[in-house]
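Undergrad: Fold the following for me, if possible:
(2 chains)
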Amino acid sequence: MTDLQKLTIGKALNLGLRRAMEEDPTVLIMGEDVGKLGGVFRITDGLQKDFGEQRVLDTPLAESGIIGTAVGLAVRGFRPVCEIQFEGFIFPGFDQISSQLAKLHYRTQGKVKMPVVIRVPFGGGIGAVEHHSESPESLFSHIAGLKVVSISNAVDAYWGIQEAIRSDDPILFFEPKKLYHSGALKMEVDTSTAPSRVFASQVVRAGTDATVVAYGPSVKVALDAATAAEAEGKSLEVIDLRTLSPLDLGPVFESVRKTGRLIAVSEAPSESSLTSEIAARVQQECFYSLESPVLRVTGFDTPYPPAKLEEHYLPDLDRVLHAVDRSLAW
Amino acid sequence: MPSEQWTHPEPGDGPAAVAAQPSPEQVIAGLRATSEGGAELTQLLTPEGQRVPSERFDRYVEDVDDETLKNLYRDMVLVRRADREANAMQRQGQLGIWVPLLGQEAAQVGSGRALQPRDMAFPSYREHGVAYTRGVDMRELIGIFRCTDHSGWDYQAHRFHPYTIVIGNQVLNAAGYAMGQKFEGKVGDEGGEATICYFGDGATSQGDVHEGFVWAAVYDAPLVFFCQNNQWAISEPTERQSRLPLYQRARGYGFPGIRVDGNDVLACLAVTRWALDECRHGNGPVLIEAFTYRMDAHTTTDDPTRYRLSDELEEWKLKDPIERVRAFLARNGHADQAFFDSVQAEADQFAAELRDYTFNMPEPPPDRVFSQVYAEPSPVLEAQREEYLSYLDGFAAAGEH
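TA: Numbering: from 1, shown residues only, chains lettered A, B, ... in the order given. Reported below is the predicted structural model:
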């Protein structure tokens, strides 16, 4: 029997977390302000009230501590879900993530499992001060032993968080904070049937003239661009990567072989980024199918600017369409 | 020099007292106060092998009879002998590196033997003596230093976490593990569980150690912080890490801190048993500063003659952790020369077996590079693995011509 609920991404995450906690008593939520406040974005709202302070931990204020103790709890047999308040605050935890979380399974040849999820609200467009709008996902994608995923809609939020929690691998779970509470993005989520696999690339709009690949908040931009392009008689295929490491580029290769053109969109700076990796691998795999060079629409190679300037920094519909035009004009 | 004069100015002492800064000499004297200069050092066996009674800690070693003490002596001799053998093997090019524990046998064996099988230990990378007490075969850890593996033992079977190379990381991991013991209700009585975490004086400057203290304190985690203050973090002395004795830091976190003579195996056993007992009963955490000395280099890549005086080493040799037990046993007629000879023979055999094993250790196959990176297979990695192995196969095929 289907059970449809119309949910925002934020509410879908909340319900997904709740369900994971109900189904497995070893699941813990830990982070700053995740308890009584329900997190600064209210994603964990009501969970401490229902599951108690020992399963939803308001931790001291130190990211290395949150992640380092989660590693120890995982060794003990728990499945911790850490919340980092904003992506710009994850760096004190970088050492524990890269040195322990990512490597213990390999170091012990599988004897130590690390079923830890780190939820990271990321991306810009919320008019915030420094350190609150960044996109550091490429840094984590470069670390072997970690899985890095990102969601862009409520269905993936609901099922994806559960899939991440069930995984025995450590997962960095990037959430587009700008879209958390968007009423316009509310989606019907069938909470009775799980999709076979959330973390694989997915064609979210079919098209024939060019392929646009994106993830997280940029998927909405890509879809909006596709709608605008259609009015101009151009057909764009849009792919949501969903899994950033390991990258699932099979559907991208397939799409590029069909359209001959690729535009990769991300808010992160472009140099040595996920979009660089996509461009490299697509030229390697689809060289004879490409009609034009792979183009990228990204944030600039600057620190995130003051928010009054972020409209210039963030890839928007017009920049994507401009890239599409350049690609088609080749 | 009574360190209390400057380490704890009272609010009523006025601005002058609060502002008073200790001189560098005072800092060093406070940090290094031992049994000769600091009454707070817990010692049960003097460097001359005399038993010192302790109202507080004797009851924790009531069961230690002559036989047990002889076993502790044997443990230390075996561990030292294996350590020296590994050091020699590194010099002969058989190990990529070795991390000597010479001088720290009592701190490691004493604290390690205080643990119950159900307890968990989180080591740094010099804890070969603790590993031995947890039943880890020395051969299981030598692969790390021959660079055939990153960790060789079953951590669950031995309840001994993999070595941690990054300074201080394991302190937070141990805090998390101990929180888990608490959450599972495994503390509260004699049968309770506890965790012990090993780190050095240098690690106390790391943020992770501070955070570990905070986490353990606010969650009442059953965690014994066991700091082996061996005086040197490679070439950096303790006074580069702290202005006050390290055990006194515990006070700032709201749990007890104690300084034990780290070269006294009996005192290390007693104090660690007490601390674990506190944790088992839900009164943890506890910080133990084992005041000891690294008598060899930091690792085999280090040259301590560049930064410390030989006088210092000579002074510490007089406090050798093994010699004092030997003196006690001999003086009191608990052991004769035949016993010492038999332990030495056993240690030589132990070392010879370690050497044989090391020399004959197989090299891991190339696909070990790709093995167990993830719990779930990664298609990208699988493709890399297949491509590389087929590249290697190409050489084999070419060689057949």
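
Undergrad: alpha carbons only for contacts and neighbour counts from here, please
TA: Noted.

Undergrad: do stretch B:280-299 and chain A meet?
TA: No. Judged by C-alpha under 8 Å from any C-alpha of the partner chain, stretch B:280-299 stays clear of chain A, getting no closer than 15.0 Å.

Undergrad: Now do that stretch: distance from first to last residue.
TA: With C-alpha to C-alpha, to the nearest Å as the measure, the ends of stretch B:280-299 fall 35 Å from one another.

Undergrad: what comes up buried for that stretch?
TA: By neighbour count with 16 or more other C-alpha atoms under 10 Å in any protein chain shown, stretch B:280-299 contains the buried residues B:280-299.

Undergrad: Then stretch A:118-137?
TA: Of the residues in stretch A:118-137, those with enough neighbours to count as buried (16+ other C-alpha under 10 Å) are A:118-125, A:131-137.

Undergrad: Out of these, give me the two with the largest separation.
TA: Farthest apart among those by C-alpha to C-alpha are A:I118 and A:G125. That separation is 22.0 Å.

Undergrad: What count of nearby residues applies to residue 153?
TA: Reading this off chain A. Burial of A:N153, expressed as a neighbour count using other C-alpha atoms under 10 Å in any protein chain shown, amounts to 25.

Undergrad: Oops, wrong one, chain B.
TA: Other residues lying near B:W153 total 22 when counted by other C-alpha under 10 Å.

Undergrad: check contacts around it.
TA: In this structure, B:W153 makes contact with A:T108, B:V136, B:E140, B:L141, B:P162, judged by C-alpha atoms under 8 Å, 6 or more residues apart in numbering or on different chains.

Undergrad: Chain A contacts on the stretch 201-350 of chain B?
TA: By the criterion of C-alpha under 8 Å from any C-alpha, the positions of the stretch 201-350 of chain B lying close to chain A are B:D208, B:E211, B:G212, B:V214, B:W215.

Undergrad: Using CSV, lay out the residues you listed together with distance to B:N173 and neighbour count.
TA: Rendered in CSV, the data for those read as follows (distance: C-alpha to C-alpha, whole Å; neighbours: other C-alpha atoms under 10 Å in any protein chain shown):
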residue, distance to B:N173, neighbour count
B:D208, 10, 27
B:E211, 11, 24
B:G212, 8, 26
B:V214, 13, 21
B:W215, 11, 25
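
Undergrad: Closest one to chain A out of those residues, please.
TA: Out of those, the one with the shortest distance to chain A is B:E211. That distance is 5.6 Å, counting by C-alpha to the nearest C-alpha.

Undergrad: which ones are touching the residue nearest to A:P217 when sequence neighbours are not counted?
TA: Counting by C-alpha to C-alpha, 6 or more residues apart in numbering or on different chains, A:P176 is the residue found nearest to A:P217 once chain neighbours are left out, at 5.2 Å. Contacts for A:P176 were tallied using C-alpha under 8 Å, 6+ apart; they are A:P121, A:F122, A:G123, A:S150, A:I151, A:S152, A:G216, A:P217.

Undergrad: Mind pulling up the pLDDT for A:P176?
TA: The model reports A:P176 with a pLDDT of 98.

Undergrad: Nearest spatial neighbour of the residue of the stretch 251-400 of chain B found nearest chain A, chain-adjacent residues omitted?
TA: Relative to chain A, the nearest point of the stretch 251-400 of chain B is B:V373 (4.8 Å; C-alpha to the nearest C-alpha). The spatially closest residue to B:V373, leaving aside those adjacent along the chain, is A:Y106, at 4.8 Å (C-alpha to C-alpha, 6+ apart).

Undergrad: Any chance of the backbone angles for the one you found?
TA: Listed backbone geometry of A:Y106 is phi -70, psi -40, with angles given as degrees, to the nearest 10.

Undergrad: Count the neighbours of it for me.
TA: 24.

Undergrad: how near is it to B:P366?
TA: Distance from A:Y106 to B:P366, counting by C-alpha to C-alpha: 15 Å.

Undergrad: Ok, B:R240 next?
TA: Separation of B:R240 from B:P366 (C-alpha to C-alpha) stands at 43 Å.

Undergrad: do B:A203 as well
TA: When C-alpha to C-alpha is the yardstick, B:A203 and B:P366 sit 35 Å from each other.

Undergrad: okay, these two: which has more neighbours?
TA: Comparing B:A203 with B:P366 by other C-alpha under 10 Å, the one with more neighbours is B:A203, at 23 against 12.

Undergrad: wouldn't the more buried one be in contact with B:G168 here?
TA: Yes. With contact defined as C-alpha atoms under 8 Å, B:A203 reaches B:G168; the gap is 5.3 Å.

Undergrad: for chain A, what spans make up the helices?
TA: Taking DSSP state H to define them, one finds helices in chain A at A:9-23, A:47-51, A:63-76, A:94-95, A:104-107, A:137-141, A:154-166, A:217-231, A:250-259, A:274-285, A:310-313, A:317-328.

Undergrad: Save those helices as JSON lines, and put in mean pLDDT too.
TA: Converted to JSON lines, those look like this (pLDDT from 0 to 100):
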{"stretch": "helix A:9-23", "mean pLDDT": "98"}
{"stretch": "helix A:47-51", "mean pLDDT": "98"}
{"stretch": "helix A:63-76", "mean pLDDT": "98"}
{"stretch": "helix A:94-95", "mean pLDDT": "98"}
{"stretch": "helix A:104-107", "mean pLDDT": "97"}
{"stretch": "helix A:137-141", "mean pLDDT": "97"}
{"stretch": "helix A:154-166", "mean pLDDT": "97"}
{"stretch": "helix A:217-231", "mean pLDDT": "98"}
{"stretch": "helix A:250-259", "mean pLDDT": "98"}
{"stretch": "helix A:274-285", "mean pLDDT": "98"}
{"stretch": "helix A:310-313", "mean pLDDT": "97"}
{"stretch": "helix A:317-328", "mean pLDDT": "98"}
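
Undergrad: which of those helices sits most buried?
TA: helix A:63-76 (a mean of 29; mean count of other C-alpha atoms under 10 Å in any protein chain shown).

Undergrad: other SSEs contacting it?
TA: Counting contacts by 3 or more C-alpha pairs under 8 Å, 6 or more residues apart in numbering or on different chains; DSSP states H and E, helix A:63-76 packs against strand A:79-83, helix B:169-183, helix B:207-218.

Undergrad: change it to 6 Å
TA: helix B:169-183 (3 or more C-alpha pairs under 6 Å, 6 or more residues apart in numbering or on different chains; DSSP states H and E).

Undergrad: buried residues in the helix it packs on?
TA: Across helix B:169-183, burial judged by 16+ other C-alpha under 10 Å covers B:169-182.

Undergrad: How about stretch B:115-126?
TA: B:L115, B:Q116, B:D119, B:M120, B:A121, B:F122, B:P123, B:S124, B:Y125, B:R126.
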